[in-house]
Each structure stands twice: as structure tokens, then as C-alpha cells.
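> pasting the structure only:
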């Protein structure tokens, strides 16, 4: 009889990708299938993220909620993986002794052997090492019958921004071989995938040292694959936007009209304290060059508000940057200390009321521009990749435009997996409505 896996994923798309691979790995090695209920699971895994505030406490809180299931079934396997696992290590088992396995982002391929050791020795297994590329050599390539797919091409980060815990939990940057990536993309395309998204903490820092191929070269090779219609990537860093990458937007029509490029702040003083490695002017210069290369480019970004030492004037500079660049959409957060990061030791912390007042002002401005961009699409024909059924109405289809807008529409299910022209008929806060042309 098949065993059941319940996996809860926190955080970024890298974690979503990893969770998918964990599920595939266990299905392949242990004939395990997923369940949406922890109550009926034989294996419960939490794939964690340490970016958000109080991330560790949220994980321990979730662990507490399933403690009774372990009491009820001593053979239940409970595991914690991801960035919190890297950060907390043995402390997880110390605080929650019923946890059987603790694994890092680079050791998830070892989960089946860790489970076997637990079952044999009845002792918790902890492996949060950084074996780098070994992970990709042992993960299955499996199509999930979807029009879109993620492909992880590099992991880790060597930028060491002062607020970020990623270099300490996922290790320094390392890239997969192009000879592993291209066959994986081909396999996915042969199984019906029309759009792939390359993933990495600093995805455009990709570099195959052996073949001396940079990120733009990888994009070019990928674009030559017959049957692949669209290429996306996330998340990128301004310091890695090279001239060859900028030129790729002119040369490669399969590269979508959308770029997510985190800026974090419009103040040079704050950017310096964040150790971002660029100024606001340099960021604007990069965007100007990109828009010359691809005039239809849709730009989205990330912002952190209330960084230690941020003054009213610094915040005004962020608002000014938003007015100048008119972002098409963004993620914005109030700063919170991450344990062990340099920023957590900085003086002049901003009080909670000020942080969240600024965040509200910024988000209102960002939402205004995002809505403006949506209304500019009203009445126009857009090429939409139909991804599946709408989550809110299973009688409708859901797809995405080139600039990553969600479009809901009525149409036959045989359109799933196809790119079709759609007339945009209405604008909602977070989506569009359309009609088949």
C-alpha cells in the first residue's frame, strides 16, 4: 500500500521547486503519494523559509500542531528542511524531540536514506551540510503534466547583503552544468511544457565555469529548443545585469516581456548599509538600457521599508524612484532582523508604527502603478498561455500574459497548454478578465 506524504512549503519559488522534487523523489524511491491532510500522512515534512519575521517560531508552532499525530502513530516520520533547518540544526530536535529528520536545501536528495536510518536505528538524523552540485545529480526529472515548469540552475548567494540570511542557509553561489540544464528543459518540453522559469537566489549570476558560459549564453541555448515558447527567470540581482543579458532582450523573443529586479530602496545611504553594491542612479541606468533593448518590458521589484537608520528623507527617495520607474508590480516588506545577519546588529532601529506607516504609503503607490499598467491592457489583444482551470471558478480557464498578469476566461479545456490570443475585457485588483478572440 502506498504511503502518504504531507508537505508544507514556506516562502520562495526555490522552496516550491524543492518540495516538488522531494515529492517526486519519495514517489520514485518509496512509492509515496501526496496528501493534503497531515492526519492521514505517513511522512510529514516542513520545507521552511527564514526570510520572514519570526520564521523559526512559526515552524515550531506548526510542529506543535502535529505532535499529537506522532504520539498516535510512533512510525510517523516528521521532518524539517529548508533554510530554518540550516539555521537551527540540532536545536530543532532539542526543542521538538519527535522530529526524525532535519535536512538542508542541499541535502534533500538524501531524505530517503535518512528515513531508512531513522527506521533502522530509531534515532533522529540531521544533515545540513553543503554538498553543492551533488543534489542535482540525485534528483529525478519528472514532468508534472503542466504547461509551465521551474528549472533550478544555480543555488546559494555570494552577495552577503547585510539583511539577508540566505548565504548562511543555502551556501555560496554555485551553478549547474549547461549539459544538465538543457536536457532537463528538453525533457520538460517533450512532456508538454511551453514555459520554463529558471530559478536561483541570484539567477543571473549563473556561470558554467567549465564551459565558460554566462547566463545570457544559457538563455540563447535554451531559446533554440523547438517547442519551448517562453523563458522566465527569478530572482535576479542588479549587479549581474550584464551587457550580454541586456542584448538578449533584443535578440531573444522567447524571453518574456517581464523582469523582476529587486531594488530594495531608492536611498543610496540605505543601499550602502544594505551592502547592495549599486546606487539608485546605477539601478535607473540599468532599467533605461533594458527598456531601450525591449521597449515593452514590464518591470517588477522588491522593497524593504524601515531598514535601520532609514530617515524620512531616505523613504522619500524610495517613493521618488517608484514615481520615476513606475513599476508594474512589486513585493514590499517592513524590515525585520534575521538572526546572525550584520543588519541585526545595526543601531537606529525604526519603530514598528513608523515602519508600517511607511509600508502602507509605499504599497498604495505601488498598487496605483500596477493597476495603471493593467488598465493600459484593457481592450487590447494579449497572447495568453492557458495554464489550467481557474482556482476560484473551475468552470473557467486561467492563463498568464507575457508580463505575468493572470487572466481568467471562459473556454474549452483543450486550450490548456496553448498560447492563444485573448481580448482583455475587465480589470480586477490582482487579475484580468478576457474573452477568446
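Right, received. Where do you want to start? Values in this document were obtained by computation on a predicted structure and should not be read as measured data. Numbering: from 1, shown residues only.

> per-residue confidence at residue 73?
What the model reports for residue 73 is a pLDDT of 93.

> same question, residue 146
Value listed for residue 146 in the pLDDT field: 87.

> before we move on, what about the one 3 residues further on?
The score at residue 149 is 93. That number is its pLDDT.

> which stretches of the stretch 101-250 of the chain form strands?
For the stretch 101-250 of the chain, the strands defined by DSSP state E, counting those that start in this stretch cover 101-103, 125-127, 148-152, 154-155, 174-175, 195-199, 207-208, 213-214, 230-234.

> can you put those in a markdown table and add mean neighbour count?
(Glycine included, C-beta is placed from N, CA and C.) Rendered in a markdown table, the data for the strands of the stretch 101-250 of the chain read as follows (neighbours: other C-beta atoms under 10 Å):
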| stretch | mean neighbour count |
| --- | --- |
| strand 101-103 | 25 |
| strand 125-127 | 20 |
| strand 148-152 | 21 |
| strand 154-155 | 26 |
| strand 174-175 | 22 |
| strand 195-199 | 22 |
| strand 207-208 | 19 |
| strand 213-214 | 18 |
| strand 230-234 | 22 |
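
> now those strands in JSON lines, with distance to residue 38?
Formatted as JSON lines, the strands of the stretch 101-250 of the chain follow (distance: least, C-beta to C-beta, whole Å):
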{"stretch": "strand 101-103", "distance to residue 38": "16"}
{"stretch": "strand 125-127", "distance to residue 38": "21"}
{"stretch": "strand 148-152", "distance to residue 38": "25"}
{"stretch": "strand 154-155", "distance to residue 38": "28"}
{"stretch": "strand 174-175", "distance to residue 38": "34"}
{"stretch": "strand 195-199", "distance to residue 38": "27"}
{"stretch": "strand 207-208", "distance to residue 38": "41"}
{"stretch": "strand 213-214", "distance to residue 38": "43"}
{"stretch": "strand 230-234", "distance to residue 38": "30"}
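
> quick one: secondary structure of residue 403?
At residue 403 the chain is in coil, as set by DSSP: H, G, I helix; E, B strand; the rest coil.

> my read: it touches residue 298, true?
Yes. With contact defined as C-beta atoms under 8 Å, residue 403 reaches residue 298; the gap is 3.6 Å.

> Common neighbours of these two, please.
Here residue 403 and residue 298 have 257-258, 328, 373 as joint contacts, going by C-beta atoms under 8 Å, 6 or more residues apart in numbering.

> Now flag whichever of those residues is closest to residue 387.
Taking C-beta to C-beta as the measure, residue 387 lies nearest residue 258 of the shared contacts of residue 403 and residue 298, at 15.4 Å.

> residues contacting residue 249?
Going by C-beta under 8 Å, 6+ apart, residue 249 touches 255, 290, 293-294, 297.

> same deal with residue 70?
Contact analysis of residue 70 by C-beta under 8 Å, 6+ apart lists 76, 78, 98.

> just for this protein, where's the confidence low?
Residue ranges of the chain with pLDDT under 70: 1, 30, 51-53, 132-145.

> for it, longest helix please?
Counting residues, the longest helix found in the chain (DSSP state H) is helix 352-377.

> Could I get the buried residue list for it?
For helix 352-377, burial by neighbour count (16 or more other C-beta atoms under 10 Å) applies to 355, 358-359, 362-363, 365-366, 369-370, 373-374, 377.

> Distance to residue 426 for those residues - can I get that in a markdown table?
Output for the buried residues of helix 352-377, formatted as a markdown table (distance: C-beta to C-beta, whole Å):
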| residue | distance to residue 426 |
| --- | --- |
| 355 | 35 |
| 358 | 32 |
| 359 | 29 |
| 362 | 27 |
| 363 | 23 |
| 365 | 24 |
| 366 | 22 |
| 369 | 19 |
| 370 | 16 |
| 373 | 15 |
| 374 | 10 |
| 377 | 11 |
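
> Out of those, which is nearest to residue 302?
Among the buried residues of helix 352-377, residue 366 lies closest to residue 302 (C-beta to C-beta), at 10.7 Å.

> Quick check: the closest one vs residue 279, distance?
21 Å (C-beta to C-beta, to the nearest Å).

> In PyMOL, select just the buried ones from the contacts of residue 70.
Buried residues within these, by 16+ other C-beta under 10 Å, are selected in PyMOL with:
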select buried, resi 76+78
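
> Identify, from the contacts of residue 70, the entry nearest to residue 13.
Using C-beta to C-beta, residue 78 comes nearest to residue 13 of the contacts of residue 70, at 24.9 Å.

> Enumerate the positions of stretch 295-305 that are buried.
Residues 297-301, 303-305 are the ones in stretch 295-305 that count as buried (16+ other C-beta under 10 Å).

> Could you work out the most separated pair of the residues you listed?
Maximum pairwise distance in the buried residues of stretch 295-305, criterion C-beta to C-beta, is 25.1 Å, between 297 and 305.

> returning to that earlier point: please tabulate the shared contacts of residue 403 and residue 298 in a markdown table, including the columns distance to residue 271.
A markdown table is the format used below for those (distance: C-beta to C-beta, whole Å):
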| residue | distance to residue 271 |
| --- | --- |
| 257 | 27 |
| 258 | 24 |
| 328 | 22 |
| 373 | 25 |
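
> which of the residues you listed lies closest to residue 270?
Nearest to residue 270 among the shared contacts of residue 403 and residue 298, with distances taken as C-beta to C-beta, is residue 328, at 22.9 Å.
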